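K.L.:
here is my input; please provide its structure:
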Amino acid sequence: MGDVVEDYKKSLLPHVDKWAKNHASLGKQIDDLTKQIDELEKNKSRTPDQEKKLKDLKADLKAQGAKILLLTQNLNLDLLKVPPPAFDLKTPLPKQTVDNFNKVPAWLSTIVKNKGIPLGDNVVIAPDNISVDLKKMKIKSGGFKVIVKF
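P.N.:
A predicted model of the protein is given here:
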């Protein structure tokens, strides 16, 4: 058997890959909407039609942000469903194993950032408040934050 922590990491990766692949277009849509909004907001004397278009674009941006939030919450649930490594809790764990398991949240953050939805400069998705139960060697809880600039 390989390293249990590495095996656990490998079991998390397909969920992040699926999330990134299935929802990459949302990032492009948000980036396009943001650019259009920025262009309209540069003009301080907008026509009523431009004001309506700006309002509609902002509503679309908010809707896309809500979709990303939902997809990110689903990713969070999928990751929490992955069974943690099985350890014999009667035997003390090697310090190396505990140290490696403690690094999983930071590793996951890097993976999500690197494989995440290409959101341009206006949206950030990152793991947030990931908590690990060291006695059970299990991720207890966690979340993701989505920040949309508009």
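K.L.:
how much space between residue 40 and residue 47?
P.N.:
10 Å (CB to CB, to the nearest Å). (C-beta placed from N, C-alpha, C; glycine too.)
K.L.:
can you check residue 77 too?
P.N.:
In terms of CB to CB, residue 77 sits 45 Å off from residue 47.
K.L.:
and residue 83, by the same measure?
P.N.:
According to CB to CB, residue 83 and residue 47 sit 58 Å apart.
K.L.:
same check, this time on residue 6
P.N.:
Taking CB to CB as the measure, residue 6 and residue 47 are separated by 59 Å.
K.L.:
how about stretch 77-93: buried residues?
P.N.:
Neighbour counts using 16 or more other CB atoms under 10 Å place 79-80, 84-85, 87, 93 of stretch 77-93 among the buried residues.
K.L.:
and those residues as JSON lines, adding pLDDT, secondary structure and distance to residue 99?
P.N.:
Converted to JSON lines, the buried residues of stretch 77-93 look like this (pLDDT from 0 to 100; DSSP: H, G, I helix; E, B strand; the rest coil; distance: CB to CB, whole Å):
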{"residue": "79", "pLDDT": "81", "secondary structure": "helix", "distance to residue 99": "21"}
{"residue": "80", "pLDDT": "79", "secondary structure": "helix", "distance to residue 99": "22"}
{"residue": "84", "pLDDT": "76", "secondary structure": "coil", "distance to residue 99": "16"}
{"residue": "85", "pLDDT": "75", "secondary structure": "coil", "distance to residue 99": "14"}
{"residue": "87", "pLDDT": "69", "secondary structure": "coil", "distance to residue 99": "14"}
{"residue": "93", "pLDDT": "76", "secondary structure": "coil", "distance to residue 99": "10"}
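K.L.:
in this structure, which spans are strands?
P.N.:
For the chain, the strands identified by DSSP state E occupy 123-133, 138-148, in order along the chain.
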